[in-house]
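Trainee: This is the structure alone, sequence omitted:
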């Protein structure tokens, strides 16, 4: 009888661990190679940290420089057909030539973020 109780406890613990690890990676580093606009805020080229709250499909994204939040935006967590080979920023050029962040891909993950206008009708994995 004790064995059955211990087994149920171990199985429950493993199930919770596996479920939480599926969404544990809510942070990643991101290198911007040129000035990029995020939700109206211009970010200079450099290293940033991306964090998001929620498990999807809609999440709230924060972009941090060091420990300071420099931009916030909403995004859609999307499934990708294959894992991304590296962390990358997906950008699009505006009419004035500036770059706007439209997505983020994460090394080794089969999901990504679609940001801003990219959320409106973009297909998973597209750079728009």
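Mentor: Structure's in. What do you need? Worth saying up front: this structure is predicted, and the values here are computed from it rather than measured.
Trainee: If we go by neighbour counts, what in the longest strand seen in the chain is buried?
Mentor: As assigned by DSSP state E, the longest strand anywhere in the chain is strand 68-79. Residues of strand 68-79 classed as buried: 70-71, 73, 75-78 (neighbour count, 16 or more other C-beta atoms under 10 Å). All C-beta spots, glycine's among them, are computed from the backbone N, C-alpha and C.
Trainee: As CSV, the residues you listed with distance to residue 116 and pLDDT would be great.
Mentor: Listed next are the buried residues of strand 68-79 as CSV, based on distance: C-beta to C-beta, whole Å; pLDDT from 0 to 100:
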residue, distance to residue 116, pLDDT
70, 16, 97
71, 11, 96
73, 6, 94
75, 8, 95
76, 10, 95
77, 14, 93
78, 13, 94
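Trainee: Who is residue 49 paired with across the strands?
Mentor: Beta-bridge pairing of residue 49 under DSSP bridges involves residue 29, residue 64.
Trainee: Nearest to residue 98 among the buried residues of strand 68-79?
Mentor: The nearest member of the buried residues of strand 68-79 to residue 98, counting by C-beta to C-beta, is residue 71 at 14.3 Å.
Trainee: Pull the contacting residues for the closest one.
Mentor: 38-39, 41, 43, 62-63 (C-beta atoms under 8 Å, 6 or more residues apart in numbering).
Trainee: What's the PyMOL syntax to select whichever of those residues are buried?
Mentor: For the buried members of the contacts of residue 71, the matching PyMOL selection, counting by 16+ other C-beta under 10 Å, is:
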select buried, resi 38+43+62+63
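Trainee: and which of the contacts of residue 71 is nearest residue 27?
Mentor: Looking across the contacts of residue 71 and measuring by C-beta to C-beta, the closest to residue 27 is residue 62, at 9.6 Å.
Trainee: Quickly find the element holding the closest one.
Mentor: strand 58-65 (DSSP states H and E).
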